[in-house]
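**Student:** missing the sequence, but the structure's below:
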């Protein structure tokens, strides 16, 4: 298990960098996770994507279709790829649990398209 500290906060991650307790997530934690994933900053547009992903996940207990994410946050249809390069990186920064093998497969297939 890993821990990260950022602006006075300490959060626990699993060995792959996924937040262990989703309730620990907030914008400050998102910035720390983004830095860990190699992003120096999170824009308001990126935070809007992450917040929508979290809300969708909490409501439906699943990963939203990426095009639906962009549509709902009023951004271009490839916004997740444009903002994060990899939807799994966005998933981690959103503080969601590690995706299932099926989700990984679907996302990896979508990335190759």
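**Tutor:** Arrived safely, thanks for sending. Predicted model only: the values in this text are computed from it and were never measured.

**Student:** Would you indicate which residues of whichever helix in the chain runs longest are buried?
**Tutor:** Assignment by DSSP state H gives helix 44-60 as the longest helix of the chain. Residues of helix 44-60 classed as buried by neighbour count (16 or more other Cβ atoms under 10 Å): 46-50, 52-54, 56-57. All C-beta atoms are positioned from the backbone trio N, CA, C, and that covers glycine.

**Student:** Could I get the average pLDDT for that helix?
**Tutor:** Across helix 44-60, pLDDT averages out at 95.

**Student:** Helix or strand next in line after that helix, which one?
**Tutor:** helix 66-72 (DSSP states H and E).

**Student:** Tell me which other helices or strands that following helix touches.
**Tutor:** Judged by 3 or more Cβ pairs under 8 Å, 6 or more residues apart in numbering; DSSP states H and E, helix 66-72 is in contact with helix 44-60, helix 79-84.

**Student:** can I get the ones you listed in JSON lines with distance to residue 106?
**Tutor:** Putting the helices and strands packed on helix 66-72 into JSON lines (distance: least, Cβ to Cβ, whole Å) gives the following:
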{"stretch": "helix 44-60", "distance to residue 106": "15"}
{"stretch": "helix 79-84", "distance to residue 106": "13"}
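
**Student:** where does the protein dip in pLDDT?
**Tutor:** 107-113 (pLDDT under 70).

**Student:** now with 90?
**Tutor:** 1, 4-9, 61-68, 77, 85-88, 97-113 (pLDDT under 90).

**Student:** How about residue 53, nearest residue that isn't a chain neighbour?
**Tutor:** residue 94 (4.5 Å; Cβ to Cβ, 6 or more residues apart in numbering).

**Student:** And for residue 64?
**Tutor:** That would be residue 56: by Cβ to Cβ, 6+ apart, it lies 4.2 Å from residue 64.

**Student:** correct me, but the one you found touches residue 66?
**Tutor:** No - look at residue 56 against residue 66 with Cβ atoms under 8 Å: they stay out of range, at 11.1 Å.
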